[in-house]
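Enquirer: Build me a model from this:
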Amino acid sequence: MHSYEFQMYRNFDELAIDMIELAKEIMPDKLVYLTSIEDDTQHILKLSSQDSPIMLEEGMSFDLKDTVCNRIDFNQREVLMYEDIEEQIESTRLQSLLREVNIKSYLGIPILTKSGDIFGTLCVANHKSAQYDSKSVQLLKRVVRMFSYYLELERRASRDELTDLYNRHYLYNYFETNPNQGGALFLIDLDGFKFVNDTFGHDEGDLVLKEVARRLKRLMEPIHDSKVYRLGGDEFLVKVAHALPEEVVIEYAERMLTVLKEWDAHLPLSASIGIVPYGPDEDTDLSRLLKEADVALYQSKASGKNTYQICR
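Expert: Numbering: from 1, shown residues only. A predicted model of the protein is given here:
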């Protein structure tokens, strides 16, 4: 799960703080902290106290392989517990790293969504050896389970059910919380999709939509600050959230056209694209930008399809 996603969930900060406070009531004499894990990096999101002998701060990031949380079995959703780090961990390197932040005992509970995506961990630590009784651990697991339900509900509200791409709701939320960035919208509509649905049925159409999503995600993955959305039907949108020179806009559009016209002979598909670049100082009203992209998309279809038009 990417950090930019959960940061826009409604009431995320409040619920994270509530979870920390509940955990602190269960284990009042220890430091409680919430982490997220993204790729190979662990981020410290929330702490129960900024005044602790343990030298962690909100906003810190660590290479995951250098953390004790790296030893948690997320597949089995198992709690990891060390009541005395130096007696129970054989790795001298990890002992040294934990000693640097003054952690002597540790409890880590994995946080995953219902679908199995890793969010991070709820951790309890102390600067001295400590015991973790089973009743308290079970209570903490219940707190984590409730937080996981919240994450799953927010994920479902933000994702398209068929393709798992971000949806229109998430797009509007992103623009509300990240104004005046500058960038470009690429509004994509499939040419020939109605024929596929009418001729081969909706199951085949759904497979096409999933494949379009997969191709666009793979294409845009290396591009910084880019996201792919499904707005509905056979309409997709790619957003790049930084200003682009026109030659780069054209390059991206041509790449999209290329990957969306390579189909089996019985699928006469291609794509048309309407593009709206916008500067960081412009009024980034999303409804207006989408209308302009839709006009450009109509122009590209009218000019023969399998092409793009840029709104100028």
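Enquirer: Break down the stretch 201-312 of the chain into its strands, ranges please.
Expert: With strands called from DSSP state E, counting those that start in this stretch, the stretch 201-312 of the chain shows them at 226-232, 235-240, 270-278, 308-310.
Enquirer: Pull the residues that contact the first one.
Expert: When contacts are taken as CB atoms under 8 Å, 6 or more residues apart in numbering, the neighbours of strand 226-232 outside the stretch itself are 160, 162-163, 165-168, 170-171, 174, 187, 209, 213, 216-217, 220, 236-241. Every residue, glycine included, has its C-beta placed from N, CA and C.
Enquirer: Over to the shortest one?
Expert: Outside strand 308-310, the residues within contact range by CB under 8 Å, 6+ apart are 186, 246, 249-250, 253-254, 256-257, 272-277, 296-297, 299-300, 303.
Enquirer: ok, now the second one?
Expert: Taking contacts as CB under 8 Å, 6+ apart, the residues outside strand 235-240 that touch it are 165, 171, 174, 183-189, 212-213, 216, 220, 223, 225-231, 252, 256, 293.
Enquirer: What of the third one?
Expert: Outside strand 270-278, the residues within contact range by CB under 8 Å, 6+ apart are 182-192, 243-244, 246, 249, 253, 256-257, 260-261, 284, 289, 292-301, 305-311.
Enquirer: buried sites along the biggest helix by length in the chain?
Expert: Scanning the chain for the helix with the most residues, using DSSP state H, yields helix 134-158. Within helix 134-158, the residues that count as buried by 16 or more other CB atoms under 10 Å are 136-137, 139-140, 143-144, 147-148, 150-152, 154-155, 158.
Enquirer: show me where pLDDT drops low in the stretch 51-200 of the chain?
Expert: Within the stretch 51-200 of the chain, the set of residues satisfying pLDDT under 70 is empty.
Enquirer: can you give me the strands for it?
Expert: 61-63, 80-82, 105-112, 118-126, 183-191.
Enquirer: about what we covered before: buried subset of the contacts of strand 235-240?
Expert: 165, 171, 174, 183-189, 212-213, 216, 220, 226-231, 252, 256, 293.
Enquirer: hang on, the earlier thing: okay, the strands of the stretch 51-200 of the chain in JSON lines with distance to residue 24 next?
Expert: Below are those laid out as JSON lines (distance: least, CB to CB, whole Å):
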{"stretch": "strand 61-63", "distance to residue 24": "22"}
{"stretch": "strand 80-82", "distance to residue 24": "18"}
{"stretch": "strand 105-112", "distance to residue 24": "13"}
{"stretch": "strand 118-126", "distance to residue 24": "9"}
{"stretch": "strand 183-191", "distance to residue 24": "41"}
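Enquirer: To residue 49, which of those lies closest?
Expert: Ranking the strands of the stretch 51-200 of the chain by their distance to residue 49 (criterion: CB to CB) puts strand 118-126 first, at 11.2 Å.
Enquirer: Which strands or helices does that closest one pack on?
Expert: helix 12-26, strand 31-38, strand 41-47, strand 105-112, helix 134-158 (3 or more CB pairs under 8 Å, 6 or more residues apart in numbering; DSSP states H and E).
Enquirer: can you rerun that using 6 Å?
Expert: On a contact count with 3 or more CB pairs under 6 Å, 6 or more residues apart in numbering; DSSP states H and E, strand 118-126 meets strand 31-38, strand 105-112.
Enquirer: Run the chain-centre distance for it.
Expert: With CA atoms, centre = their mean, to the nearest Å as the basis, strand 118-126 stands 19 Å off its chain's centre.
Enquirer: do stretch 192-203 as well
Expert: Taking the mean of its C-alpha atoms, stretch 192-203 sits 31 Å from the chain's own mean (CA atoms, centre = their mean).
Enquirer: can you pull out the helices in the stretch 151-300 of the chain?
Expert: 168-177, 193-200, 202-220, 246-259, 286-302 (DSSP state H, counting those that start in this stretch).
Enquirer: Name the surrounding residues that touch stretch 185-201.
Expert: Stretch 185-201 is contacted by residues 205, 208, 234-239, 267-276, 289, 293, 297, 305 when judged by CB atoms under 6 Å, 6 or more residues apart in numbering.
Enquirer: hmm, 8 Å instead?
Expert: 204-205, 208, 212, 216, 231, 234-240, 252-253, 256, 260, 266-276, 278, 289-290, 293-294, 296-297, 301, 305-306, 308.
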